[in-house]
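Novice: Any chance you could fold what I've pasted below:
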Amino acid sequence: MHFDHAGIATEDATELAELYGDLFGLETVHEEVFDGMRVVFLDCGDGYFELLEPITEGTISRYLEDNGAGIHHLALATDDIESALETAREHDVALIDETPRSGAWGHTVAFLHPKDTGGILLELVEH
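Specialist: Reported below is the predicted structural model:
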């Protein structure tokens, strides 16, 4: 496994992408509308910033209402998401996704519950 991306909840992905572009020279490498949000990936070299802007009521809009803008989740890439989920089960880690599902950029994803991961919402990503 290795670091894949940090998911960042924001009210305006375009504005934040421009700021990160100006400050750090990061370029947008992928953009899509997915699951009630606009998703923008910025290339950070060894990983990405995934900017999450709500366009309908849903997970990210509720997150912003409750917490404000900021890091929503961290993602780790794996070559075998099923095996990674089985390892989590063996360690009694609560799973938000019992089975992998389709995520942004066509990747297969599953989330681990923050109550068992040190307060961090962790996403497993299989490319």
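Novice: which helix is the longest one in this protein?
Specialist: What stands out as the longest helix in the chain, according to DSSP state H, is helix 13-24.
Novice: And it, what does it pack against?
Specialist: strand 27-34, strand 37-43, strand 48-54 (3 or more CB pairs under 8 Å, 6 or more residues apart in numbering; DSSP states H and E). (C-beta placed from N, C-alpha, C; glycine too.)
Novice: Could you check it and say which residues are buried?
Specialist: Buried positions in helix 13-24, judged by neighbour count with 16 or more other CB atoms under 10 Å: 13, 16, 17, 20.
Novice: Check the helices and strands packed on helix 13-24 for me and report the most buried one.
Specialist: Highest mean neighbour count among these (mean count of other CB atoms under 10 Å): strand 48-54, with a mean of 23.
Novice: in its sheet, what does that one sit against?
Specialist: Paired strands of strand 48-54, with direction, are strand 2-9 (parallel), strand 37-43 (antiparallel) (DSSP bridges).
Novice: So which of the ones you listed is nearest residue 56?
Specialist: strand 37-43 (7.8 Å; CB to CB).
Novice: Give me the contact list for the closest one.
Specialist: 5, 13-14, 17, 20-21, 26-33, 48-56, 58-60, 104-105 (CB atoms under 8 Å, 6 or more residues apart in numbering).
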